[in-house]
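**Student:** I'll drop the sequence and a predicted model, then ask my questions.
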Amino acid sequence: MKANGKHRKKGDLPTKTCAACGRPFTWRKKWRAVWEEVRFCSDRCRSERRAQRP
C-alpha cells in the first residue's frame with residue numbers, strides 16, 4: 001500500500017453476489033459513488049434480470 005493509503009490489494013476489495021447469476025464480483029472504481037446500490041455484476045446480468053420479470 002502507498003503511504004497515502006490509496007492503493008489496495010485486489011484481495012482486500014469489497015465483494016458482493018450478483019442478484020441475477022449468483023456469482024461474486026468485486027468493487028470497481030467506476031462504482032465508487034454508488035457501490036451500495038450496485039446489484040448486478042454486468043450489463044448483461046442487469047438486462048437479463050429485467051427480461052425475466054413479467
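**Tutor:** That came through, no problem. Residues are numbered from 1 along each chain as shown.

**Student:** name the residues of stretch 14-30 that are buried.
**Tutor:** By neighbour count on 16 or more other C-beta atoms under 10 Å, the buried set for stretch 14-30 is 16, 18, 20, 25, 27. For glycine as for every other residue, the C-beta is placed from the backbone atoms N, C-alpha and C.

**Student:** which two in those residues are spaced the farthest apart?
**Tutor:** Comparing all pairs in these by C-beta to C-beta, the longest separation belongs to A20 and W27, at 18.0 Å.

**Student:** how far away is A33 from W27?
**Tutor:** Distance of A33 to W27, given as C-beta to C-beta, to the nearest Å: 12 Å.

**Student:** what's the neighbour count on F40?
**Tutor:** Residues contacting F40 under the criterion other C-beta atoms under 10 Å number 18.

**Student:** show me the contacts for it.
**Tutor:** Going by C-beta atoms under 8 Å, 6 or more residues apart in numbering, F40 touches 18-20, 46, 49.

**Student:** and for C41?
**Tutor:** C41 sits next to 18, 20-21, 23, 25 when contact means C-beta under 8 Å, 6+ apart.

**Student:** ranges for the helices of this structure?
**Tutor:** 43-52 (DSSP state H).

**Student:** ok, back up a step: now, the most widely separated pair of the contacts of C41?
**Tutor:** A20 and F25 (10.9 Å).

**Student:** quick one: contacts of the helix or strand of the chain with the lowest mean pLDDT?
**Tutor:** Ranked by mean pLDDT, DSSP states H and E, the weakest helix or strand in the chain is helix 43-52, scoring a mean of 84. Helix 43-52 has contacts (C-beta under 8 Å, 6+ apart) with 18-21, 39-40.

**Student:** where does this structure dip in pLDDT?
**Tutor:** 1-5, 52-54 (pLDDT under 70).

**Student:** again, 80 this time
**Tutor:** The model of the chain has pLDDT under 80 over residues 1-8, 10, 49-54.

**Student:** what about the strands in it?
**Tutor:** 15-17, 24-26 (DSSP state E).
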